[in-house]
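Q: Predicted structure and sequence below. I'll ask about it afterward.
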Amino acid sequence: MSSYALPFPGRDLAEKELSYDPCCPRIPEADRARIVDAAWEKGCAAARDVFAQSGGSADFFAICKANGLTVVERDIDFVSGNQRYFSDYVAGKNCVTLYLRSVDLWAQQNKMTRMEAENLILSHEYYHFLEWNKLGLKCASLWDILDAAQRVGVKIHIDVSL
């Protein structure tokens, strides 16, 4: 594997991501860091489990195959509106589609090979697979916030009346 910096925000930007959620104003500001910490740790624990179960392997093509997740490659640059898509996970079908021309552009921009980029993107999509099949929907906006808040003892009232 070549030397590159992962082109993803780290823990320090997770709280900013929470601020984009439409439910964020309902969370007391003093509790947000604890909620982000709990959600972040859930993701870290899932990653540790994946690596332990795979014998320390970071080959997400093999990890996906071993866990019944199909990977389909399409030779297109998938752009919709102003957004470029590198992959999609389809819940219920346990299928990830990689958009290879989009992945190529992203790999070049981040100074990595296509295989490194595909593997990194698959690691992201594999987490969505885990959410749907093992962890529960923990990044599904409202449910993620409520779950993390509950684990750190923060009570949030959501009025769902119409």
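A: Received the coordinates, thanks.

Q: Please point out which parts of stretch 38-56 sit buried.
A: By 16 or more other Cβ atoms under 10 Å, the buried positions in stretch 38-56 come out as A38, A39, K42, G43, A46, V50. All C-beta spots, glycine's among them, are computed from the backbone N, C-alpha and C.

Q: next one: stretch 54-69
A: Across stretch 54-69, burial judged by 16+ other Cβ under 10 Å covers F60, I63, C64, N67, L69.

Q: Check for me that S57 belongs to a helix.
A: No: per DSSP: H, G, I helix; E, B strand; the rest coil, S57 lies outside any helix segment and is coil.

Q: Give me the nearest residue to it, chain neighbours excluded.
A: I63 (6.7 Å; Cβ to Cβ, 6 or more residues apart in numbering).

Q: do Y85 as well
A: F78 (4.4 Å).

Q: Identify the residues contacting the host helix or strand of the residue nearest to S57?
A: Counting by DSSP states H and E, the element that carries I63 is helix 60-66. Counting by Cβ atoms under 8 Å, 6 or more residues apart in numbering, helix 60-66 makes contact with V50, S54, S57, T70, V71, V96, E118, N119, L122, S123, Y126, F129, all of which sit outside it.

Q: Pick the one among the residues you listed closest to D104.
A: Proximity of those to D104 (Cβ to Cβ) peaks at E118, which lies at 9.7 Å.

Q: Next, give phi and psi for the closest one.
A: Per-residue torsions, E118: phi -60, psi -40 (degrees, to the nearest 10).

Q: I'd guessed it sits against D104; true?
A: No: in terms of Cβ atoms under 8 Å, E118 does not count as a neighbour of D104; the distance is 9.7 Å.

Q: Which helix or which strand is home to R84?
A: Short version: R84 belongs to strand 83-85, going by DSSP H and E.
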